[in-house]
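Colleague: Structure of the sequence below:
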Amino acid sequence: MKTYFITGTDTDVGKTVATCQLLRGFAAQGLRAVAMKPVASGCTVLDGELVNADVEAHRAAGNVVVPAELANPYRFAPPISPHLAAREAGVAVSLDHLAACAAQLQAMCDVLLIEGAGGWHAPLTMDADMQVLAQRFGAPVILVVGMRLGCLNHALLSANAIVAAGLPLAGWIANRIDPGMDRYDDNLAWLRQHLPAPLLGEIAHAADAVDGCLNTPAVAQLAT
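Modeller: Here you go, the predicted model:
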């Protein structure tokens, strides 16, 4: 059983798109693939329950049905940072509870992808951030790089922080969130030279990118 923590160079860089494409890629290899979103804000109410669009996308992309309370233990309505949403809701986010949920999911699948919120140091609680959460899981990290102006700095800072936290950087994904990015190929080449991990694949800018499948030799290697 493999577990990976998915982080990004910032918010809105396509972590969910990448997670869904990875889920389909692993499923295409005959593996039971599941995703977990430990904390989600910006949820909507459906049939009296808070529902998160990212989690629903995970559910559609994965090939194992798991309980919602495990796939997304903490849900909040305001589209704000999770630590603020939890504080306003009077909820204490428990790392122990998140670890227990992840352990139950691990028993149900071959590959578990845990998608963080925001970037590597985005707050989770008033005292802990996504790095602390990733360290609790102890899983290798996959970095989603939103390909746009400024991404070189953000990508290298994120990669260095991951390594400094004592976690392996399993690979990175180039997500072309800005289709008009100048010198895309040159920027991609720079990242391939300087990031201390392999490029797992590129995601083209498309309206239906969340429905795609990232199934490259590098992704296949992650499952072995």
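
Colleague: mind listing what's buried in the biggest strand by length in the chain?
Modeller: Secondary structure of the chain per DSSP state E: the longest strand is strand 111-119. Buried residues in strand 111-119, counted by 16 or more other CB atoms under 10 Å: Val111, Leu112, Leu113, Ile114, Glu115, Gly116, Ala117, Gly118, Gly119. Just so you know, the C-beta spots here come from the backbone N, C-alpha and C atoms, and that holds for glycine as well.

Colleague: Next: stretch 50-70.
Modeller: By 16+ other CB under 10 Å, the buried positions in stretch 50-70 come out as 50, 52, 54-55, 57-59, 61-64, 66, 70.

Colleague: how far out from the middle of the chain is that stretch?
Modeller: Relative to its chain's centre, stretch 50-70 lies at 13 Å (CA atoms, centre = their mean, to the nearest Å).

Colleague: for that stretch, how far is the first residue from the last?
Modeller: From its first residue to its last, stretch 50-70 covers 14 Å (CA to CA, to the nearest Å).

Colleague: ok, back up a step: biggest separation within the buried residues of stretch 50-70, which pair?
Modeller: Spatial extent of the buried residues of stretch 50-70 (CB to CB) is set by the pair Leu50 and Asn63 at 24.5 Å.

Colleague: For the longest strand of the chain, name the packing helices and strands.
Modeller: Taking 3 or more CB pairs under 8 Å, 6 or more residues apart in numbering; DSSP states H and E as contact, the helices and strands that strand 111-119 lies on are strand 2-8, helix 15-28, strand 33-36, helix 53-61, helix 95-106, helix 130-137.

Colleague: which one of the ones you listed is the most hemmed in?
Modeller: Among the helices and strands packed on strand 111-119, strand 33-36 has the highest mean neighbour count (mean count of other CB atoms under 10 Å), at a mean of 28.

Colleague: In the helix or strand harbouring Ala161, which residues are buried?
Modeller: In this structure, Ala161 sits in helix 151-164 according to DSSP states H and E. Neighbour counts over helix 151-164 (16+ other CB under 10 Å) mark Cys151, Leu152, His154, Ala155, Leu156, Ser158, Ala159, Ala161, Ile162 as buried.

Colleague: which non-adjacent residue is nearest the third one?
Modeller: In space, not counting the residues next to it along the chain, His154 is nearest to Thr9; the distance is 3.9 Å by CB to CB, 6 or more residues apart in numbering.

Colleague: pretty sure Ala57 contacts Leu23?
Modeller: No - counting by CB atoms under 8 Å, Ala57 stays clear of Leu23, with 9.2 Å between them.
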